[in-house]
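Undergrad: Return a 3D structure for these sequence lines:
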Amino acid sequence: MENNYDRFRQKVRDYIKYRPEYPEKMIEILMEKLHLNKEDVMADIGSGTGLSSKPFLENNFKVFAVEPNEEMREAAETLFKNNRNFVSVNGTSEHTQLDNESIDVIFCGQAFHWFDLEKTKPEFQRILKPGGNIVLAWNERDTASPLQNDYENILDRSIEE
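TA: Have a look, this model is predicted:
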């Protein structure tokens, strides 16, 4: 039986090619709202191919990219191989492999809905520094166009079945 970590093994190329990037404005908003500074250490949990780590790395934050899927993790390692602020970690949201109270901001993108929340919560409490923050971010579908609206309806029906 396929688990949540393995189901994306064959989709790495598609993620790299088709997954939307996080907007640059996101960093500006987080810097303003959370009072981030360049010394803050980020943990990108469920980092996949590195799309969610990229805006933080481009703004010179240290990022521990935690990803259980080997193929996804290797894609990120290739992408950021020359970035000294990128640290690849073979871990999960429930077992990040990070040190106690070592992280200023935990960032979770599209992968958050796969986490076992009962096991993830104590792990996040363990790695987060006092006064640290958790940020959840994802892309929403724009259903303003008829095509996107129809697509959303198809998805909703398939979930109900």
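
Undergrad: Pass me the low-pLDDT residue ranges in the protein, would you?
TA: Counting by pLDDT under 70, the chain shows low-confidence ranges at 1-20, 139-142, 155-161.

Undergrad: And the top strand by length along it, what's buried?
TA: What stands out as the longest strand in the chain, according to DSSP state E, is strand 128-136. Buried residues in strand 128-136, counted by 16 or more other Cβ atoms under 10 Å: 128, 132-135. All C-beta atoms are positioned from the backbone trio N, CA, C, and that covers glycine.

Undergrad: swap in stretch 63-82?
TA: 63-69, 71-73, 75-76, 79-80.

Undergrad: do stretch 26-35 as well
TA: Buried, per 16+ other Cβ under 10 Å, within stretch 26-35: 26-27, 30.

Undergrad: Including distance to Ser145, could the buried residues of strand 128-136 go into JSON lines?
TA: JSON lines is the format used below for those (distance: Cβ to Cβ, whole Å):
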{"residue": "Leu128", "distance to Ser145": "40"}
{"residue": "Gly132", "distance to Ser145": "39"}
{"residue": "Asn133", "distance to Ser145": "34"}
{"residue": "Ile134", "distance to Ser145": "33"}
{"residue": "Val135", "distance to Ser145": "29"}
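
Undergrad: if we can go back for a sec, Throw the buried residues of stretch 63-82 into TSV and include distance to Leu98 and secondary structure, thanks.
TA: Shown next, in TSV, are the buried residues of stretch 63-82 (distance: Cβ to Cβ, whole Å; DSSP: H, G, I helix; E, B strand; the rest coil):
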residue	distance to Leu98	secondary structure
Val63	12	strand
Phe64	6	strand
Ala65	11	strand
Val66	7	strand
Glu67	13	coil
Pro68	14	coil
Asn69	18	coil
Glu71	22	helix
Met72	18	helix
Arg73	15	helix
Ala75	21	helix
Ala76	16	helix
Leu79	21	helix
Phe80	18	coil
